[in-house]
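Undergrad: Okay, structure incoming, though there's no sequence with it:
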Ligand code: ATP
């Protein structure tokens, strides 16, 4: 099946684009949603996380305590690697399972940290599509959605790849910045969709 990796910074509009592609018939596999499910109550990652990090990182409802873990790994690269060593294989296995069951026109993997993951994704997809947005607009959107402070959002953006680094690896770019209306976003997403459908058919 034809495979597209869809990425972009926080608040760039990945989810919006992925939702459109899904309504037009693509199979969307969201690696963030998979990571959330794995760390939800009774998720497959909970037992290994409890074993590796202790009960302090499991919330009362049985899910991973996201806030505690975020703080812990932020300043502690070794802990971050340990968490990734638990999560990445599980995310990979579930992603493959969903891809094998895909029945859409083509398959879209939504991967927020695709560029940060280096070469790993390049070989698993036919195209990399970047949703591109200027940092000020990213901050404004995330603030409106989450209520995080601009400082907190900037800290997240600082550990993500730069806008430039993403554009360098992009095969297709969907601009979704301050000047982009939702209607324009739909039109550009549709162009990409049609291009990928053609490529999928050409096989
Ligand atoms: P994250 O990585 O944080 O999950 P994302 O890249 O998936 O973010 P979205 O959730 O799709 O981004 O978009 C962020 C917010 O900005 C949403 O509330 C969305 O409705 C809004 N938004 C996205 N694009 C536009 C646009 N062109 N005009 C107005 N609002 C937009």
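TA: Alright, I've got the coordinates. What you see is a predicted model, and the numbers here were worked out from it, not measured in a lab.

Undergrad: pLDDT value on residue 75, please?
TA: Predicted confidence (pLDDT) at residue 75: the value is 83.

Undergrad: Please tell me how far it sits from residue 84.
TA: Per Cβ to Cβ, to the nearest Å, residue 75 is found 16 Å from residue 84. For glycine as for every other residue, the C-beta is placed from the backbone atoms N, C-alpha and C.

Undergrad: lowest confidence element among the helices and strands of this structure?
TA: helix 119-122 (a mean of 86; mean pLDDT, DSSP states H and E).

Undergrad: What is the longest helix seen in the chain packed up against?
TA: Ranked by residue count, the top helix of the chain under DSSP state H comes out as helix 77-100. For helix 77-100, the elements it packs on are strand 27-30, helix 31-38, helix 46-53, helix 66-74, strand 107-110, judged by 3 or more Cβ pairs under 8 Å, 6 or more residues apart in numbering; DSSP states H and E.

Undergrad: one more time with 7 Å
TA: Packing contacts for helix 77-100, counted by 3 or more Cβ pairs under 7 Å, 6 or more residues apart in numbering; DSSP states H and E, involve strand 27-30, helix 31-38, helix 46-53, helix 66-74.

Undergrad: Give me whichever of the ones you listed is most buried.
TA: strand 27-30 (a mean of 22; mean count of other Cβ atoms under 10 Å).

Undergrad: Partner strands of that one, with direction?
TA: If you go by DSSP bridges, strand 27-30 pairs up with strand 107-110 (parallel).

Undergrad: after the least confident helix or strand of the chain comes which helix or strand?
TA: strand 127-132 (DSSP states H and E).

Undergrad: I'd like the distance from that following strand to the chain centre, please.
TA: 12 Å (Cα atoms, centre = their mean, to the nearest Å).

Undergrad: switch to numbering from 873
TA: Sounds good: first residue 873 from here, last item strand 999-1004.

Undergrad: Could you pull up the mean pLDDT of it?
TA: Mean predicted lDDT for strand 999-1004 stands at 98.

Undergrad: Which strands and helices lie in contact with that strand?
TA: strand 875-879, helix 1035-1041, strand 1044-1047.

Undergrad: ok and that strand relative to strand 875-879, angle-wise?
TA: 20 degrees (axes from the mean of the first three to the mean of the last three Cα atoms, to 10 degrees).

Undergrad: Give me the contacts around the helix or strand following strand 999-1004.
TA: Of the helices and strands lying after strand 999-1004 in sequence (DSSP H and E), the nearest is helix 1007-1018. Residues from elsewhere that reach helix 1007-1018 (Cβ atoms under 7 Å, 6 or more residues apart in numbering): 881, 882, 883, 884, 1020, 1022, 1025, 1026, 1029, 1035, 1049, 1050.
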